[in-house]
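Visitor: can't give you the sequence, but here's the structure:
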Ligand SMILES: Cc1cc2nc3c(=O)[nH]c(=O)nc-3n(C[C@H](O)[C@H](O)[C@H](O)COP(=O)(O)OP(=O)(O)OC[C@H]3O[C@@H](n4cnc5c(N)ncnc54)[C@H](O)[C@@H]3O)c2cc1C
């Protein structure tokens, strides 16, 4: 605060201002995500002469694979993921552009997670400039940037059913990563849920590796995807079972041992199909965790697969220093091709250059490529249809949040968590529909009351599903459930790792358990007595 | 047009202070209506450390008397657990904690001094870093989010009303009395107004010419994945406050805050977190070395107001005489059962039945200059000043 006379009043020495250490490293541009979009963005920015860091959390450590971070690996990664060197080699081998990034001098950091983005705002002025929090297995640090391009991709849309808490329920994105990128998939026979591009691609990928795909299961009365590809799959022995969902997974000694397929309508009896893996391939969700935690405005857009950054040009965001590229900006029914993703990445780089007052060396070729357009097909009704059918066939005793062990029924009845051992009696219990009468049903509020979405997986296993069950329970459209906020760190980070972030001497010296207002802690009876001064001098709460 | 809403008492702000006040009023049969701009408890009241050990407060005895009864009285779980262990990893802190123990003892409550071995016996996650500490047989902690909802549901069970998502724009006064509050959707008439709007209280009270000096800040906490329960969840120290929740998560805060400027029109404020999470993690790993491997899964921030001396204002004004105001000056969760009781007494009986509140009166700030917050540096740092 300048008082006009050029005198800046001293900040409260106990405040955050001036307490954070400068970032360990700084780049003109930091790109999060080394998929095709992020990689293309990084290459383009580097070619324009900017200093660039490219960060990707893959290949993630085995502990995180076990926690389904960032994808639903579902306990079907084999032991080879415990060999980091092999995983890194796999990643480089399947991603030749990474070599080019190294050659261009891009600082490539694999197996490095971005756990938060901190930028200045109305209620945050104490930062040493805009920074992204990074961490590997042993250390956490800050990395400064002028512009950040988030290309964090899409993750699996997860549904649960009875038996989904055992190994063998794998997301389609995770499945393809395990098979193609890591060659580390530990299953042999699959039932795939879904029949659109994602499901067909997952099935084709599995067949190409010699795995058995018994069936595709689709809730709609007829399959959704390309009839030609479906016919090809059926020639290869893959059955198409429409108008059906999975009622439950058969429990076996090594996890899933079969899928119990139930018709949504009519009285066709259940059919049990033997398999060791049930692949969830109904949809994908843009990964907006870093963006939301950074304060980027996100909006629900069913045609883009969920909550996406609010952006007209699909590369800029509500925060001027943050850009997006690839699937995190939105996913359609059809998977983007590698070339489309790369073009999107180059567009983001072009927007960054424009923001810096630069133009592309090759005459702006990238910025003339139109942004990949969503196909306009709202994916939410079909997702909700799956949820409704899973509810009507599977009932309400199924866990909707496996980490915190909350069932669909407990969520809809807004019951306190089981560890309290005290359910609220029915006559005093507020159901979701009753609470919806008092205003918009809030996922964040349900987190607090039932602990749903509060577990170590940070909601990746349940987020969308909880919102759908809430919408059904409260009788509102899915679009009526606001996004439950993402919080830093958006990846689970051990205390000991986070603790390595350097701390300034000023922070250590001025650290106080609370505000450091000595008069605050003077016992009431001592206020206004001679003891008061003595107590103030000895700040009891340091 | 619909007839304006009416209630005998309107409580502006459904944080713990306002909710507890409304609950106490409803228990006395008063027709009470709580108005909140959002969801009840969405601000500091649902984002705090849950600590219930405030030996410095005039409300301390009532806080300690009430907490063990609250689940029963409210009819919903608050997750309250009694007792607190505070231990040190430095001599400096150890000294401070022992003095705190003596202070609690002076109020007539039981406490023990612990050496390092005794700390390790009582706190399984503690390690070699523990020098010693105190075990208070009083105080404790509750779950803030469950507690706010318990208050709200208990109010409704008693016939009280809660209006959410309804910001109050200003208080309305006529002839030296408040006659109601104006909300975004219309007027609410009443005989008495209680203002418990936290950081916004100063701004709202100014609409009827009452000056409540408060400065607003953001404070942060972190939480880990769950661990097996320790015998006592109320364990902190090493410059941190917090607890192991009944679910098993470690939830801790402490360290520097950031002062922020409130937009004059009451526009919504964001509550960003900062890299402080890492410094909290460091201190928590030092305090509980056996938990150093545990993963942090979230952090959050809350907004809180402070008065110039950091002490509460709990006061029924002399003019307008049907206006009661309360700010807890950043220490209001644990005290809330007692705060509500005090407010109920002021509204219904004109005086508090169980403790003296004279030193919490508003008029102690009569002489405070308008730019008091800038003088203390309790204002948002402009970019230039931060650089
Ligand atoms: C990180 C953190 C940790 C803390 N730890 C502890 C602790 O361990 N122990 C402890 O005792 N205290 C703690 N505190 C402090 C404690 O949370 C607060 O003092 C307490 O919650 C204040 O409650 P309140 O009801 O007075 O205010 P608030 O919780 O701020 O509630 C005010 C309410 O008024 C509403 N409101 C505001 N403006 C309007 C308007 N115009 N119209 C309608 N409604 C409006 C708001 O929506 C809000 O719900 C902590 C605080 C923070 C942020």
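Guide: That came through, no problem. Note that the coordinates shown come from a computational prediction; the quantities given were computed from them, not determined experimentally. Numbering: from 1, shown residues only, chains lettered A, B, ... in the order given.
Visitor: gap between the helix or strand where residue A:207 lies and the chain center?
Guide: Per DSSP states H and E: residue A:207 is located in helix A:197-208. How far helix A:197-208 lies from its chain's middle: 23 Å, per C-alpha atoms, centre = their mean, to the nearest Å.
Visitor: quick check: angle from the helix or strand just after it to helix A:197-208?
Guide: Next helix or strand after helix A:197-208 toward the C-terminus (DSSP H and E): strand A:212-217. Interaxial angle, strand A:212-217 versus helix A:197-208 (axes from the mean of the first three to the mean of the last three C-alpha atoms, to 10 degrees): 160 degrees.
Visitor: partners of strand A:212-217 in the sheet?
Guide: Applying DSSP bridges, strand A:212-217 is found paired with strand A:189-193 (parallel), strand A:239-241 (parallel).
Visitor: residues making contact with that strand?
Guide: The contact list for strand A:212-217 (C-beta atoms under 8 Å, 6 or more residues apart in numbering or on different chains) reads A:188-195, A:199-200, A:203, A:206-207, A:223, A:230, A:233, A:236-241, A:244-246, A:259, A:261, A:273-275. (Glycine included, C-beta is placed from N, CA and C.)
Visitor: name the helices or strands packed onto the helix holding residue A:207?
Guide: helix A:172-176, strand A:189-193, strand A:212-217, helix A:227-235, strand A:277-280 (3 or more C-beta pairs under 8 Å, 6 or more residues apart in numbering or on different chains; DSSP states H and E).
Visitor: which one of those has the most crowded surroundings?
Guide: strand A:277-280 (a mean of 29; mean count of other C-beta atoms under 10 Å in any protein chain shown).
Visitor: Note down every partner strand of that strand and its orientation.
Guide: Strand A:277-280 has the following strand partners under DSSP bridges: strand A:169-171 (parallel), strand A:189-193 (parallel).
Visitor: Just list the residues touching residue A:397, thanks.
Guide: Residue A:397 neighbours (C-beta under 8 Å, 6+ apart): A:162, A:407, A:408, A:409.
Visitor: List only buried entries from those residues.
Guide: For these, a burial check counting by 16 or more other C-beta atoms under 10 Å in any protein chain shown picks out A:162, A:407, A:408.
Visitor: Of these, which is the nearest to chain B?
Guide: residue A:407 (16.5 Å; C-beta to the nearest C-beta).
Visitor: what separates the closest one from residue A:391, distance-wise?
Guide: Here residue A:407 is placed at a distance of 11 Å from residue A:391 (C-beta to C-beta, to the nearest Å).
Visitor: can you check residue B:109 too?
Guide: 52 Å.
Visitor: For the ligand, what is the nearest residue in chain A?
Guide: Here the residue of chain A nearest the ligand is residue A:514; by C-beta to the nearest ligand atom that distance is 7.8 Å.
Visitor: okay, which residue is most central for chain A?
Guide: What sits nearest the mean C-alpha location of chain A, by C-alpha atoms, centre = their mean, is residue A:287, with 4.3 Å.
Visitor: Surely that one and residue A:70 touch.
Guide: Yes. Between residue A:287 and residue A:70 there is a contact at 6.9 Å, judged by C-beta atoms under 8 Å.
Visitor: what is in contact with those two at once?
Guide: Contacts common to residue A:287 and residue A:70, judged by C-beta under 8 Å, 6+ apart, are residue A:155.
Visitor: wait, what's in contact with the residue in the stretch 51-200 of chain B that chain A sits nearest to?
Guide: The nearest approach of the stretch 51-200 of chain B to chain A comes at residue B:145, 3.8 Å away (C-beta to the nearest C-beta). Contacts for residue B:145 (C-beta under 8 Å, 6+ apart) come out as A:448, A:449, B:41, B:46.
Visitor: try 10 Å this time
Guide: A:444-445, A:447-449, A:451, B:41-42, B:45-48, B:50, B:78-79 (C-beta atoms under 10 Å, 6 or more residues apart in numbering or on different chains).
Visitor: quick one: the helices in chain B?
Guide: B:16-27, B:60-66, B:70-74, B:91-106, B:116-122, B:144-157, B:201-206, B:276-287, B:336-349, B:372-376, B:383-386 (DSSP state H).
Visitor: and if you look at the stretch 351-500 of chain A?
Guide: A:365-368, A:380-394, A:408-412, A:432-436, A:443-450, A:463-474, A:495-498 (DSSP state H, counting those that start in this stretch).
Visitor: Just put these in JSON lines and tack on distance to chain B.
Guide: JSON lines is the format used below for these (distance: least, C-beta to the nearest C-beta, whole Å):
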{"stretch": "helix A:365-368", "distance to chain B": "31"}
{"stretch": "helix A:380-394", "distance to chain B": "24"}
{"stretch": "helix A:408-412", "distance to chain B": "14"}
{"stretch": "helix A:432-436", "distance to chain B": "10"}
{"stretch": "helix A:443-450", "distance to chain B": "4"}
{"stretch": "helix A:463-474", "distance to chain B": "14"}
{"stretch": "helix A:495-498", "distance to chain B": "4"}
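Visitor: how about the ones you listed, which one is nearest residue A:141?
Guide: helix A:495-498 (10.3 Å; C-beta to C-beta).
Visitor: contacting residues around the closest one?
Guide: Here helix A:495-498 has contacts from A:113, A:115, A:133, A:135-140, A:489, B:222, B:224, B:250, B:252, B:275, B:277-289, B:291-296, B:299, using C-beta under 10 Å, 6+ apart.
Visitor: Quick check: PyMOL command selecting the buried ones in the residues you listed.
Guide: Filtering the contacts of helix A:495-498 down to the buried ones (16+ other C-beta under 10 Å) takes a single PyMOL command:
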select buried, (chain A and resi 113+115+133+135+139+140+489) or (chain B and resi 222+224+250+252+275+277+278+279+280+281+282+283+284+285+286+287+288+289+291+292+294+295+296+299)
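Visitor: tell me, how many neighbours does the closest residue to residue B:223 other than its chain neighbours end up with?
Guide: Of all residues not flanking residue B:223 in the chain, residue B:251 sits nearest, at 4.5 Å (C-beta to C-beta, 6 or more residues apart in numbering or on different chains). Applying other C-beta atoms under 10 Å in any protein chain shown, we find 24 residues neighbouring residue B:251.
Visitor: quick one: residue B:251 from the ligand, how far?
Guide: Going from residue B:251 to the ligand by C-beta to the nearest ligand atom, to the nearest Å gives 10 Å.
Visitor: same thing with residue B:332?
Guide: Taken as C-beta to the nearest ligand atom, the span from residue B:332 to the ligand is 3 Å.
Visitor: Next: residue B:169.
Guide: Distance, residue B:169 to the ligand, by C-beta to the nearest ligand atom: 7 Å.
Visitor: go on, residue B:12?
Guide: The gap separating residue B:12 from the ligand is 5 Å, by C-beta to the nearest ligand atom.
Visitor: Repeat that for residue B:142.
Guide: Going from residue B:142 to the ligand by C-beta to the nearest ligand atom gives 9 Å.
Visitor: Check whether that residue really touches residue B:45, as I assumed.
Guide: No. Residue B:142 is beyond contact range of residue B:45, at 11.6 Å (criterion: C-beta atoms under 10 Å).
Visitor: hey, what's in contact with both of these two?
Guide: B:333, B:336.
Visitor: Which one's more surrounded, these two?
Guide: A side-by-side neighbour count of residue B:142 and residue B:45, using other C-beta under 10 Å, places residue B:45 first with 29 against 26.
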